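J.: Sequence and predicted structure, then a few things I'm wondering about:
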Amino acid sequence: MPILAALYGLVVYVFFLVTFTYAIGFVGNLPLLPKTIDSGSAAPLAETLLVDLALLGLFAVQHSVMARRGFKRWWTTVIPEAMERSSFVLAATAVLALLLWQWRPIAEPVIWSVSDPVGRGLLQGVFWLGWAVLLISTFLINHFELFGLRQVWANLRGQALPAPVFHTPLFYRHVRHPIYLGFILAFWATPQMSAGHLLFAAGSTGYILVGIWFEERDLVAQFGQRYLMYRKQVGMLVPKFGARERKGPSQS
């Protein structure tokens with residue numbers, strides 16, 4: 001069983017990598033992709049809005065429900081605990097793949113269009129900066145645990161994972177949610193903002209704000225006063241510089 005769990009975790013991780021890499025090109029309207037956020041078959045506006053909002057809602061519900069402690073306690077009575085995170089990643093990736101496949105573009109109206117080469121270059125630079133911040137942030141808090149590989153590997157070796165430890169490396173010293181900040185930068189930084197792209201960016205940002213509320217509630221329950229102090233000193237999505245060095249709680 002540990003070997004099967006490890007293979008399961010590895011296959012899920014590869015599925016995630018492929019889907020997420022495609023998602024970067026999808027949001028950025030990169031050429032040569034068969035479908036992006038602004039390309040694909042057009043449909044009547046009412047159908048398009050219904051489908052796109054349903055896809056965004058499904059993504060939000062899946063994340064919100066499966067990330068909650070109560071669901072995890074129930075879910076680990078059904079599947080081995082070591083496979084819980086990989087199962088979350090599998091479900092999230094499947095919903096993301098469905099969104100990429102079924103998303104309906106809304107080309108008009110164009111909210112903004114930047115033709116100046118310098119302006120376009122700056123926006124594209126922010127787009128890639130967002131993805132870079134996101135990726136680096138996952139490694140700062142343990143990328144392989146976040147995506148379930150550490151759990152199945154420890155299970156394969158018969159080892160127990162250590163208890164979660166509160167720490168604030170690099171970006172986390174100045175902003176509480178750099179992963180979400182990276183998403184927001186990547187979703188909004190575009191030289192041409194179509195109505196469909198705006199719907200995607202606004203819907204995703206709305207979910208991020210709701211998700212932060214749930215996540216921080218769980219973090220307060222887990223780390224108590226230490227997280228409350230951190231929340232007072234460090235910005236949620238807008239970085240603050242200097243406060244943590246002067247009076248932040250010690251890192252571990």
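T.: Looks like it arrived, so ask away.
J.: what's the single longest helix in the protein?
T.: Looking across the chain with DSSP state H, the single longest helix is helix 195-223.
J.: What's the first helix or strand after that one?
T.: helix 225-233 (DSSP states H and E).
J.: now for that following helix, which elements pack on it?
T.: helix 195-223, helix 243-247 (3 or more Cβ pairs under 8 Å, 6 or more residues apart in numbering; DSSP states H and E). Placement of C-beta: from N, CA and C, glycine included.
J.: by contact count, what packs against the longest one?
T.: Translated: helix 195-223. helix 45-66, strand 110-113, helix 178-188, helix 225-233.
J.: Save those as JSON lines, and put in mean pLDDT, distance to residue 208 and mean neighbour count too.
T.: Shown next, in JSON lines, are the helices and strands packed on helix 195-223 (pLDDT from 0 to 100; distance: least, Cβ to Cβ, whole Å; neighbours: other Cβ atoms under 10 Å):
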{"stretch": "helix 45-66", "mean pLDDT": "95", "distance to residue 208": "9", "mean neighbour count": "15"}
{"stretch": "strand 110-113", "mean pLDDT": "97", "distance to residue 208": "20", "mean neighbour count": "12"}
{"stretch": "helix 178-188", "mean pLDDT": "98", "distance to residue 208": "5", "mean neighbour count": "21"}
{"stretch": "helix 225-233", "mean pLDDT": "96", "distance to residue 208": "17", "mean neighbour count": "15"}
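J.: right, and the ones you listed - which one's nearest residue 5?
T.: Among these, helix 45-66 comes nearest to residue 5, with 18.0 Å by Cβ to Cβ.
J.: Just the residues contacting stretch 206-226, thanks.
T.: By Cβ atoms under 8 Å, 6 or more residues apart in numbering, the surrounding residues in contact with stretch 206-226 are 56, 59-60, 63-64, 67-69, 164, 166, 176-177, 180, 183-184, 227-228, 231, 236-237, 249.
J.: Buried residues of that stretch, list them for me.
T.: When burial is assessed from 16 or more other Cβ atoms under 10 Å, stretch 206-226 yields the following buried residues: 207-208, 211-212, 215-216, 219, 223.
J.: remind me which residues of the stretch 101-250 of the chain are low pLDDT?
T.: Residues of the stretch 101-250 of the chain meeting the criterion pLDDT under 70: 242-250.
J.: My understanding was that residue 191 contacts residue 123; is that so?
T.: Yes: the pair residue 191 / residue 123 is scored as a contact, 5.0 Å apart, by Cβ atoms under 8 Å.
J.: Please identify every residue contacting each of these two.
T.: Overlap between the contact sets of residue 191 and residue 123, as judged by Cβ under 8 Å, 6+ apart, is given by residue 114.
J.: Can you check which of the helices and strands packed on helix 195-223 gets nearest to residue 87?
T.: helix 45-66 (8.1 Å).
J.: what's the next secondary structure element after that closest one?
T.: Counting by DSSP H and E, what follows helix 45-66 is helix 69-75.
J.: Serialize the helices and strands packed on helix 225-233 to CSV and add fields for distance to residue 140.
T.: Shown next, in CSV, are the helices and strands packed on helix 225-233 (distance: least, Cβ to Cβ, whole Å):
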stretch, distance to residue 140
helix 195-223, 16
helix 243-247, 14
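J.: of all those helices, which lies closest to residue 33?
T.: helix 195-223 (14.8 Å).
J.: Report the angle between the closest one and helix 178-188.
T.: Interaxial angle, helix 195-223 versus helix 178-188 (axes from the mean of the first three to the mean of the last three Cα atoms, to 10 degrees): 170 degrees.
J.: what's the spacing between helix 195-223 and its chain's center?
T.: The chain centre lies 9 Å from the centre of helix 195-223; the measure is Cα atoms, centre = their mean, to the nearest Å.
J.: likewise stretch 109-116?
T.: With Cα atoms, centre = their mean, you get 27 Å for stretch 109-116.
J.: Can you give the contact residues for that stretch?
T.: 120, 123, 191-195, 197-198.
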